[in-house]
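> task: produce atomic coordinates for the following.
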Amino acid sequence: FNLIEMLTSQMGGSVLSQASSFLGESESSTKTAMGAALPAILGSVIQKGSDQSGAQGIMDMISSNGIDGNMLNNMGSMFGGGDSSNNMMNMGGGMLKSLMGNKMGGVVDMISKVSGIGSGSSSSLMSMLAPMVMGGIAKQVMGKGASGLMSFLGSQSGFVKAAAPAGLSNLMGFADMGNVGDMANKAMGAAGSMATSATGAVTETAEAGGSMLKKLMPLGLIALLALGAFYFFKGGSVVDAANSVTDKVSDAAGTVAGAAGDVANAAGNAAGNAVDAAGNAVDATGKAIGNAAGNAVDAAGNAVDATGKAIGDAASATVAAASKALEGVTFAAGSVGEKFTTFLASGSEGNGKGFAFNNLNFAVGSANIAASSLSEVDNLAKALVAYPSVHIEIGGHTDNTGSATNNLALSGKRAAAVKARLMEKGVDASRITTKGYGDTAPVADNTTDAGRKANRRTEAMITKR
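Next up is the predicted model:
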């Protein structure tokens, strides 16, 4: 059973179309990104679940999030937008943080590079796919416990290595899965071959000794007749002659048998030495493999610790600097600036996280920001200046009133107007991308006034932390 193949087949057609629309990317790029994201996610699950403790942690993750195989029956709705999609992304983001830790940023960048989609889209897609991968796992191992999960994950490692792009495989360490076991098996196989060869040599030697005896028996018989004739003509006793010849032939046979036994013993000793040498080779190989693996694990652990500390120190320094920069700045309650700074100060991963403007209005049918709304945009500008490493996407959305084409164009212009205001307030243009979504990503029902009002919104989404 190939879980990646099953999930890929279920995400074709309409699901792929909805996913690409949700992300604002082309179907072909989204499909390529899925093909890289699925082995990345499943591979990280395999790595974490390689021992009893890690496997139990994954089972707890599945249980605590209420995940089961039934969620795969309606995957299209997960990309429909609104609370359902946001909840799924939040759940998946937490899972990925637990599974990948500090590797998450590198994986997002790698998937973006392979597929051509933006890093924000890559992060969002992975957050949506993580619960689906867990749902597929739950469907296969439900009721089998941590041991059943470990067995199932072990059966998937080959599929992950085959599906992962080369760069991703190296980044996540998938290329080395199973290599130590292969080396040990080869060493044991070599030892077995040496022992078999030695045993064959002993058998051939013993058989050769038996053949020598068979060849000597006719010669002894001829010698017996010759000596009998000699004693007869010399007047001796034929019986004495026969006895004498028999004794001599027996002595000769004994000598040959002893020689054969010596050869067999020597061959047996050689076989024993060969087996001992093979065993020593296996022991040495196993010890070398164990030492190399242990050193590699220690080095990796030290590197992870050092990287984690460096990242933690950098994050703390960033928050401290931002807090100092924002001293004396007051954000309106519920404004995008307040939500944005509160989230960044918490130290959460952030990529793919979106914040809707609370009080941003435009003139009807235009991209002109109402004067009363400028403070909402200026609040966000202050937060971005305080956190200079953060990049965002400004996304414009409309309700479904009027032409879909016009709505798409208008939403793009409104997003561009917000970017222009942010640039006026000191935010570098390279940190801001814009996208018009039109009416393609509603968060409420367009059949009511309240729903249409909620859908006419502008959002700021973190694309790089």
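> now stretch 438-458 - C-alpha only, CSV.
Only the C-alpha atoms of stretch 438-458 are listed here, as CSV (Å, rounded to 0.1, in the frame of the first residue of the first chain):
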residue,chain,number,x,y,z
GLY,A,438,-12.0,38.8,-6.4
ASP,A,439,-15.0,36.7,-5.2
THR,A,440,-13.1,33.4,-5.3
ALA,A,441,-12.4,33.0,-1.5
PRO,A,442,-15.5,34.0,0.4
VAL,A,443,-15.5,33.6,4.2
ALA,A,444,-19.3,34.1,4.6
ASP,A,445,-22.6,33.5,2.7
ASN,A,446,-23.0,36.0,-0.2
THR,A,447,-26.8,35.7,-0.1
THR,A,448,-27.0,38.0,3.0
ASP,A,449,-25.9,41.6,3.5
ALA,A,450,-23.8,40.7,6.5
GLY,A,451,-22.2,37.9,4.5
ARG,A,452,-21.4,40.1,1.6
LYS,A,453,-19.9,42.7,3.9
ALA,A,454,-17.6,40.1,5.5
ASN,A,455,-16.5,39.0,2.1
ARG,A,456,-15.5,42.5,1.0
ARG,A,457,-12.3,42.5,2.9
THR,A,458,-8.5,43.1,2.7
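> begin at 55 from here
Noted, 55 is the first residue going forward, which turns the last one into stretch 492-512.
> what residues sit buried inside it?
492-498, 506, 508-512 (16 or more other C-beta atoms under 10 Å). Any C-beta I mention is one placed from the backbone N, CA and C, and that applies to glycine too.
> cool, stretch 208-218 as well?
Buried residues in stretch 208-218 (16+ other C-beta under 10 Å): Q210, S211, F213, V214, K215, A217, A218.
> then stretch 435-445?
Buried residues in stretch 435-445, counted by 16+ other C-beta under 10 Å: A435, K436, A437, L438, V439, A440, Y441, V444, H445.
> pLDDT below threshold where in the stretch 55-204 of the chain?
130-131 (pLDDT under 70).
> please read the previous query as pertaining to the stretch 255-404 of the chain.
Counting by pLDDT under 70, the stretch 255-404 of the chain has low-confidence residues at 255-366, 368-369, 403-404.
> wait, isn't S138 in contact with M125?
No. The pair S138 and M125 does not pass the contact test of C-beta atoms under 8 Å, sitting 11.3 Å apart.
> relative to S173, which of the buried residues of stretch 492-512 is nearest.
A495 (18.7 Å; C-beta to C-beta).
> can you pull the contacts of the closest one?
Applying C-beta atoms under 8 Å, 6 or more residues apart in numbering, we find A495 in contact with S75, F76, G135, H451.
> that one - that's part of a helix, no?
No. Going by DSSP: H, G, I helix; E, B strand; the rest coil, the assignment for A495 is coil, not a helix.
> can you show me the helices along the stretch 55-204 of the chain?
In the stretch 55-204 of the chain, the helices defined using DSSP state H, counting those that start in this stretch lie at 57-64, 68-77, 81-102, 106-118, 136-154, 158-169, 173-195, 199-217.
> can I get those in TSV including distance to S370?
Formatted as TSV, the helices of the stretch 55-204 of the chain follow (distance: least, C-beta to C-beta, whole Å):
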stretch	distance to S370
helix 57-64	38
helix 68-77	32
helix 81-102	26
helix 106-118	27
helix 136-154	18
helix 158-169	18
helix 173-195	23
helix 199-217	35
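> so for N415, which of those sits nearest?
helix 136-154 (21.8 Å).
> just checking, what packs against that closest one?
helix 81-102, helix 106-118, helix 158-169, helix 173-195 (3 or more C-beta pairs under 8 Å, 6 or more residues apart in numbering; DSSP states H and E).
> which parts of the first one are buried?
Going by neighbour count (16+ other C-beta under 10 Å), the buried part of helix 81-102 is 83-102.
> returning to that earlier point: quick one: which of the buried residues of stretch 492-512 is nearest G388?
For the buried residues of stretch 492-512, the nearest to G388 is R511 (13.9 Å; C-beta to C-beta).
> what's near enough to touch M145?
N119, S181, A184, P185.
> in PyMOL, how would I select the buried members of the residues you listed?
To isolate the buried members of the contacts of M145 in PyMOL, using 16+ other C-beta under 10 Å:
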select buried, resi 119+181+184+185
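> identify the farthest-apart pair in the contacts of M145.
It's N119 and S181 that sit farthest apart of the contacts of M145, by C-beta to C-beta, at 12.9 Å.
> which one of S138 and M125 has more residues nearby?
M125 (19 against 13; other C-beta atoms under 10 Å).
> give me the number of residues near the residue lying closest to that one once chain neighbours are set aside?
Once flanking residues are discounted, M125 sits nearest to G189: 4.3 Å by C-beta to C-beta, 6 or more residues apart in numbering. By other C-beta under 10 Å, the residues close to G189 number 20.
> my guess is G189 meets N119, correct?
No. G189 is beyond contact range of N119, at 9.8 Å (criterion: C-beta under 8 Å).
> give me phi/psi at T488?
phi -130, psi 150 (degrees, to the nearest 10).
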